[in-house]
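Visitor: Predicted model, plus sequence, below.
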Amino acid sequence: MNLFTLFISGMLINNIILSKFIGMCPFMGVSTKMESAVGMGLAVIFVVFCASVLSWGLYYGVLVPLHLEYMKLICFILLIAAFVQFVELFIKKNSPSLYKQLGIYLPLITTNCAVLYVALDNITQEYNLIETIVNSIGVPAGFMLMLCIFSTIRERLRGNDVPKAFEGNPIAFIIAAIMALAFSSLSGLV
Amino acid sequence: MSEKKEKSGGLLNRLLVENPVFGLYLGICSSLAITTNINNAIGMGVAVTVVLTLSNILVSAVRNATPDDIHIPVYIVIIATLVTIVGMLIQAYTPSLYSALGAFIDLIVVNCIILGRAEAFASMNPIGPSIADGLSMGFSYTLSIMAMSFIRQLLGTGTLSLSNPFTNAEIFSLRLIPEGFELPFFKEQFGAFITFACLAAAVAAYKNHLENASKKKGSK
């Protein structure tokens, strides 16, 4: 598969939030402000990229030679949890200012389905190392793009008069529905 | 009489106000993705309930032996083990359900409901109440995604149908909307978001209604 096609389809066409519904919790939780959306997006790109490449190595380097393929779920989630904890400690020690910006998002990422989904998807689609790297940048980049677009819309929404029952999350889901409609027209791109 | 009424009100509250999906916004990913038909919703609901109850039992059993610093990794390993077992059982006995749910079986591991209940309830309570909590949370999750899939399947395909996941034999199939009048976009992503927004708004409206009612009572 063409690498550029893989990147674009991961980022826009099969967008992880709007077409696969993965990573909804942080999408709803931190998309109220542009600043936090950018912080969360960058943290997700970094963690997804590193965790996916590490899990790819773990799967083909350790699990396949030992015929332990069925252990992949347990190994991957442990790897992700350990990696996130490690990154948190590392940043805290070496760059307190970066920790202030990203620190609060890091613990949330362990339970972000996007990280586990990309790691598992690279294995199910039988990508090689280069395709894995491209896919693991493209998919979280799409996540960050959505988070930024969404947070700007929600900032505009704050002063508006929304029906009482729709205040907060329900109106956000209506916006997500309209965005999904817009993005579904991109499916003819590739 | 009044006591009985209060009890039924409590059950309704548990299902609506403390609803994990529409009230607390937990486990949204799976409830949006797999609710295109009722079969998938029931399968997913049962799988989540089983994992949730078993994980509550195990977490509650090891709660005193787990050091505080590493309790999240311990819980995640327990949950991941259970999900692997449940996933293998689903793949072996109901292959059609396995292919329909796809990656979302593995993603039960990161379903916020399960880790949330382990953290908020099972890690502080003995085994008995933890079982009850797991069953009731799993039950209201199942009901929520069944409600979503009911609306989406009815409006999207015009028919309600149910089949036996073990043999794929159809149990019943009922056409309620004549052919040509169904709204196919309810099967797409757009329909999923809209259905979810409306149900969440309905729950929020019910909550507002309860608050207003209690305010009136207080002012009197």
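Guide: Good, I have the coordinates.

Visitor: mind checking the SS state of residue B:161?
Guide: strand (DSSP: H, G, I helix; E, B strand; the rest coil).

Visitor: for it, what are its contacts?
Guide: If a contact means Cβ atoms under 8 Å, 6 or more residues apart in numbering or on different chains, then residue B:161 has B:37, B:38, B:39, B:153, B:170, B:171, B:172, B:173, B:174 as its contacts. C-beta coordinates here come from the backbone N, C-alpha and C atoms, glycine included.

Visitor: before we move on, what about residue A:3?
Guide: In this structure, residue A:3 makes contact with A:130, A:131, A:134, judged by Cβ under 8 Å, 6+ apart.

Visitor: Now do the SS call for the first one.
Guide: Spelled out, that is residue A:130. In three-state terms, and counting by three-state DSSP, residue A:130 is helix.

Visitor: which other helices and strands contact the helix or strand harbouring residue A:156?
Guide: Take DSSP states H and E as the rule and residue A:156 turns out to sit in helix A:129-157. The helices and strands touching helix A:129-157, judged by 3 or more Cβ pairs under 8 Å, 6 or more residues apart in numbering or on different chains; DSSP states H and E, are helix A:3-8, helix A:24-29, helix A:34-58, helix A:113-124, helix A:169-184.

Visitor: mind listing what's buried in the third one?
Guide: Okay, so that is helix A:34-58. Within helix A:34-58, the residues that qualify as buried by neighbour count (16 or more other Cβ atoms under 10 Å in any protein chain shown) are A:36-37, A:39-45, A:47-56, A:58.

Visitor: Run through the residues you listed and flag the ones next to chain B.
Guide: Cross-checking the buried residues of helix A:34-58 against chain B (Cβ under 8 Å from any Cβ of the partner chain) gives no overlapping residues.

Visitor: need the least confident one among the helices and strands packed on helix A:129-157, by mean pLDDT.
Guide: Across the helices and strands packed on helix A:129-157, the stretch with the lowest average pLDDT is helix A:24-29; it has a mean of 77.

Visitor: any idea how far it is from the chain center?
Guide: Chain-centre distance of helix A:24-29: 10 Å, with Cα atoms, centre = their mean, to the nearest Å.

Visitor: Check stretch A:30-42 too.
Guide: On the basis of Cα atoms, centre = their mean, stretch A:30-42 is displaced by 12 Å from the centre of the chain it belongs to.

Visitor: any residues touching it, and which ones?
Guide: Contacts of stretch A:30-42 from elsewhere in the structure, counted by Cβ under 8 Å, 6+ apart, are A:26, A:101-102, A:105, A:108, A:140, A:143-145, A:147-148, A:150-152, A:154-155, A:172.
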